[in-house]
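1. Pasted the sequence and its predicted model underneath.
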Amino acid sequence: MARMNIALCLALVGLALLAACATASREAAFRAEEVELFRARQETSIACTTAPACDDAWARTRAFIQAHSATRIVQADDAVIQTAFPHAFGFVYLAASKDADGNGGAAIRLKAMCRGMYDSDGNAGPLYSTCAKSIISVEARFRAWLQRPGN
């Protein structure tokens, strides 16, 4: 009986150590993906200096959103483009904003989001890694899309 209790205690300690290692590994992966997301988001902000350049960039932004969002555009005006919230988890949906600088130029920002990426408490959700990879991929293509002729 004593040997069984010792074996049970050792097994529980082993499981606790394994859980701690898995949690630490998940936290490290989460932090690394958050850094990648931050870098990708910084690349989705562009500045245009003239009204015609900004109009062209805004039209290209709309085309990018149409081509890369899992859902359709539900709002589009001179300041905001937004797609619908997806019904299913794990799909990227997009929004963009254009903030005029008062001199004919503007800053355009794209934001990619993914349902299921975060829990209601703000921690990583069950699809965090899948969503992060999808968002990074979409956001990484935005600047090149704007600079490519014919969009």
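-> Alright, I've got the coordinates. Everything quoted here is computed from the prediction, not taken from an experiment. Residues are numbered from 1 along each chain as shown.
2. The spatially most central residue of the chain and Q66: what is the separation?
-> By CA atoms, centre = their mean, the chain has its centre lying nearest to I135, at 3.8 Å. For I135, the distance to Q66 equals 17 Å [CB to CB, to the nearest Å]. (C-beta placed from N, C-alpha, C; glycine too.)
3. how about the nearest residue to the residue nearest to the centre of the chain, chain neighbours excluded?
-> Nearest residue to I135 in three dimensions, chain neighbours excluded: A112, at 4.3 Å (CB to CB, 6 or more residues apart in numbering).
4. Kindly report the same for A57.
-> Closest residue in space to A57, ignoring its immediate chain neighbours: C48 at 4.8 Å, by CB to CB, 6+ apart.
5. circling back: what bridges to the residue nearest to I135?
-> A112 has these beta-bridge partners by DSSP bridges: L94.
6. Would you check that it makes contact with T83?
-> No: using CB atoms under 8 Å as the test, A112 is too far from T83 to be in contact (10.0 Å).
7. pull the helix or strand with minimum mean pLDDT from the chain.
-> Ranking every helix and strand in the chain by mean pLDDT, DSSP states H and E puts helix 2-42 at the bottom, with a mean of 65.
8. Now do the contacts for the residue nearest to I135.
-> Counting by CB atoms under 8 Å, 6 or more residues apart in numbering, A112 makes contact with 44, 92-94, 134-135, 138-139.
9. Can you tell me which of those residues has the most neighbours?
-> When neighbours are counted by other CB atoms under 10 Å, L94 leads the contacts of A112 with 26 neighbours.
10. Assess the claim that it and R72 are in contact.
-> No: using CB under 8 Å, L94 is not in contact with R72, being 10.8 Å away.
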